[in-house]
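A.B. asks: coordinates only, sequence not included:
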């Protein structure tokens, strides 16, 4: 109930600040053909991240075919869309794999947490890289050139994540680079997906600024506040548009289209079912 209220509040704030007539004009002028590769790139990004999660399952001794893992991933996306915090799907996967393979819950939760962290690390790293070429209007002044600070932080992201994995996820350290490689492929695919959505909206320039705010909104949308991050993601675009020099209505339209693509792909999971009898024999 709280999540519904917050979602409604966020949507109210979004449509209070944005020019709805301008948003309607944008919706009427969408170039739909650009959305086909956008959907394809979104699905590809999710394939990369599902393979990453299966990599962590393999470390735990689970033998799951990529196709069954993909189906389980889609089911998880469906639950993530409707359950609080966007982590309901992770809980379902932990429950199902523990029930089927008797793998300890603690290990499965660690795999899920590391999967989430890997995605977050890729987002933060790419976000820091995009900050440098984008002409931002910062709300503060710094005696030290902020580009140097951003560069230092970017250099520390991967070593820092390695240290975190060494301390808390040591079991998964042998697949550190492979896991990160899949994380970056997944996020880069989403950035290209974002480029196609922007083309569909008729945007001809300043793509990096939109993609920068998109990455920032991806972090905020993970917080357990609204349904599927809807509302929260749009608010980030609205409050960041002044600093990044992007069009407010275009940004909101972009965010809504990305949510619709996410929801459409996630809904596929509602009609899927996974059984692990054959995989259980191979694992044993």
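C.D. replies: That came through fine. All values derive from a computational prediction rather than experimental measurement.

A.B. asks: and whichever helix or strand residue 155 is part of, average pLDDT?
C.D. replies: Assigned by DSSP states H and E, residue 155 belongs to helix 146-168. Mean pLDDT, helix 146-168: 92.

A.B. asks: which residues are contacting it?
C.D. replies: Residues from elsewhere that reach helix 146-168 (C-beta atoms under 8 Å, 6 or more residues apart in numbering): 110, 114, 117-118, 121, 124-125, 128-129, 131-132, 138, 142, 172-173, 176, 180. Where you see a C-beta, it was placed from the backbone N, CA and C, and this is true even at glycine.

A.B. asks: Check whether the spatially most central residue of the chain sits in a helix, strand or coil.
C.D. replies: In the chain, the centroid-proximal residue (C-alpha atoms, centre = their mean) is residue 218; its distance is 5.4 Å. Following DSSP: H, G, I helix; E, B strand; the rest coil, we place residue 218 in the helix state.

A.B. asks: wait, isn't it in contact with residue 123?
C.D. replies: Yes. With contact defined as C-beta atoms under 8 Å, residue 218 counts as touching residue 123 (5.6 Å).

A.B. asks: What segments of the protein are helices?
C.D. replies: With DSSP state H as the criterion, the chain has helices at 2-17, 20-28, 35-59, 66-82, 88-101, 105-131, 146-168, 176-200, 207-222, 232-244, 248-267, 277-283.

A.B. asks: what about residue 25, neighbour count?
C.D. replies: 12 (other C-beta atoms under 10 Å).

A.B. asks: what about it, distance to residue 251?
C.D. replies: Going from residue 25 to residue 251 by C-beta to C-beta, to the nearest Å gives 15 Å.

A.B. asks: Next: residue 53.
C.D. replies: In terms of C-beta to C-beta, residue 53 sits 30 Å off from residue 251.

A.B. asks: Residue 45 now?
C.D. replies: Distance from residue 45 to residue 251, by C-beta to C-beta: 20 Å.

A.B. asks: More neighbours: which of those two?
C.D. replies: Comparing residue 45 with residue 251 by other C-beta under 10 Å, the one with more neighbours is residue 251, at 27 against 20.

A.B. asks: Local confidence estimate at the more buried one?
C.D. replies: On the pLDDT scale, residue 251 gets 86.

A.B. asks: which residues does it contact?
C.D. replies: Neighbour list for residue 251: 210, 213, 234, 237-238, 240-241 [criterion: C-beta under 8 Å, 6+ apart].

A.B. asks: what's the answer for residue 59, then?
C.D. replies: With C-beta under 8 Å, 6+ apart, residue 59 has these contacts: 111, 171-172, 174-175.

A.B. asks: what's the farthest-apart pair in these?
C.D. replies: Using C-beta to C-beta, those span at most 13.7 Å, a distance reached by 111 and 174.

A.B. asks: neighbour-wise, which of these two wins?
C.D. replies: residue 111 (27 against 10).

A.B. asks: Distance check, that one against residue 179.
C.D. replies: 10 Å.

A.B. asks: before we move on, what about residue 270?
C.D. replies: 28 Å.

A.B. asks: One more: residue 153?
C.D. replies: 21 Å.

A.B. asks: These two: who's more crowded?
C.D. replies: Comparing residue 153 with residue 179 by neighbour count (other C-beta under 10 Å), the higher total belongs to residue 179, at 26 against 15.
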